[in-house]
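**Student:** Make a model of this:
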Amino acid sequence: MSVSDLAQISGRSLSSFNREFKSTYKMPPKQWLQEKRLSYSKELLQYNELSVTEIAMKVGYENVSHFIKAFKNRYGSTPKQLKVCK
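**Tutor:** Down below sits the predicted model:
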């Protein structure tokens, strides 16, 4: 789901949704969604035999390189490094 989808579901304009979300969660919805995706992907890497590509797609990344970069920025290692260490 995109932030626009969430705004539409909530019945708010995108700007109103962003403002209220940030006020409540102390971060923009796009950042919150990315955090949730990365957190779930870390869990999948640790407890599943799925490939990095499969996990990237499962958590909503269409570009695997973008997923790997975001994951490394968040956790300090690549998804493959985490998978090997388990």
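**Student:** Tell me the gap between the lowest-mean-pLDDT helix or strand in the chain and the middle of its chain.
**Tutor:** One helix or strand of the chain scores below all others by mean pLDDT, DSSP states H and E: helix 79-85, with a mean of 80. Put simply, helix 79-85 sits 18 Å off its chain's centre (Cα atoms, centre = their mean, to the nearest Å).
**Student:** Would you mark the buried spots in it?
**Tutor:** 79, 82-83 (16 or more other Cβ atoms under 10 Å). Quick note: C-beta positions are derived from backbone N, CA and C, even for glycine.
**Student:** other SSEs contacting that helix?
**Tutor:** helix 29-47, helix 52-58, helix 64-75 (3 or more Cβ pairs under 8 Å, 6 or more residues apart in numbering; DSSP states H and E).
**Student:** Switch these over to JSON lines; also include mean neighbour count, mean pLDDT and distance to D5.
**Tutor:** Below are the helices and strands packed on helix 79-85 laid out as JSON lines (neighbours: other Cβ atoms under 10 Å; pLDDT from 0 to 100; distance: least, Cβ to Cβ, whole Å):
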{"stretch": "helix 29-47", "mean neighbour count": "16", "mean pLDDT": "94", "distance to D5": "10"}
{"stretch": "helix 52-58", "mean neighbour count": "17", "mean pLDDT": "95", "distance to D5": "18"}
{"stretch": "helix 64-75", "mean neighbour count": "16", "mean pLDDT": "96", "distance to D5": "20"}
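**Student:** so which of these gets nearest L6?
**Tutor:** Each of those was scored for nearness to L6 using Cβ to Cβ, and the closest is helix 29-47 (6.4 Å).
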